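Undergrad: Only the shape, not the letters, is given here:
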């Protein structure tokens, strides 16, 4: 897994592939491993999964606005020579993907929006806890609890808890602050790219209504609801999510 500048990324390159690249953008406090191998290694597609600045193995300090993260993704794509791509984003990554489609439309072939919304309101108690290092552990426990469907094996919860605990508290706070300020509600109609919205039917963080708003607000959008899945739908049901993504990619090729 190489780096481009300060950005660390996973790449699954395949010779002779002519389809646009697929770029996977993780959510708040995440990294490229929040995308399962089913999506990182889509057959017949060149797939890239970067760690956002300040996340995973990337350098930088993180950002406090979705637009700044979008600009960082654009800078990385330009450095990589990726002129146009299908952008897939989970949660905050979905907010970044929407922003790219509005602010940098020529770089976006299509969107795959996973467990996200046009607006990402953040629980104020959670944000307050994240604003101080002492409150971060309790906030992480809340995030983990809300991220998975009830009854999920505790090993998955523990893995996410440990991973979030490795993120600098200031970066994690900045991510959720960025989410709290994000609102694309009045700009969805500006998204021209064909869009697949993927939602877990038991998502507590971005409930189904938010995903349906994306479907109705974006002109070329379709919605796939994945049963028995929460906010981490791509990890909870990786085969089903990959199947929906692949079908969509073949449709817009």
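TA: Thanks, I have it. The shown structure was predicted, so the numbers you read here are calculated from the model rather than taken from an experiment.
Undergrad: Show the end-to-end separation of stretch 107-119, please.
TA: One end of stretch 107-119 sits 23 Å from the other (Cα to Cα, to the nearest Å).
Undergrad: Just the mean pLDDT for it, thanks.
TA: In this model, stretch 107-119 has a mean pLDDT of 98.
Undergrad: before we move on, what about stretch 10-23?
TA: Here the average pLDDT along stretch 10-23 is 82.
Undergrad: oh, and call the first residue 75 from now on, that's how I've got it
TA: Noted, 75 is the first residue going forward, which turns the last one into stretch 84-97.
Undergrad: all strands of the stretch 225-327 of the chain, in order?
TA: Listed in chain order, the strands of the stretch 225-327 of the chain (DSSP state E, counting those that start in this stretch) span 269-274, 295-300.
Undergrad: Quickly compare those and say which is most buried.
TA: strand 269-274 (a mean of 27; mean count of other Cβ atoms under 10 Å). Any C-beta I mention is one placed from the backbone N, CA and C, and that applies to glycine too.
Undergrad: strand partners of that one, parallel vs antiparallel please.
TA: If you go by DSSP bridges, strand 269-274 pairs up with strand 182-188 (parallel), strand 295-300 (parallel).
Undergrad: The most centrally placed residue in the chain: what's it in contact with?
TA: By Cα atoms, centre = their mean, the chain has its centre lying nearest to residue 164, at 2.3 Å. Residue 164 makes contact with 98-101, 104, 108-109, 188-190, 308 under the criterion Cβ atoms under 8 Å, 6 or more residues apart in numbering.
Undergrad: Next step: those residues restricted to strands.
TA: Within those, residues falling in strands by DSSP state E are 98-99, 188.
Undergrad: Turn those into JSON lines, columns for neighbour count.
TA: Supplementary listing: these in JSON lines, determined by neighbours: other Cβ atoms under 10 Å:
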{"residue": "98", "neighbour count": "28"}
{"residue": "99", "neighbour count": "30"}
{"residue": "188", "neighbour count": "33"}
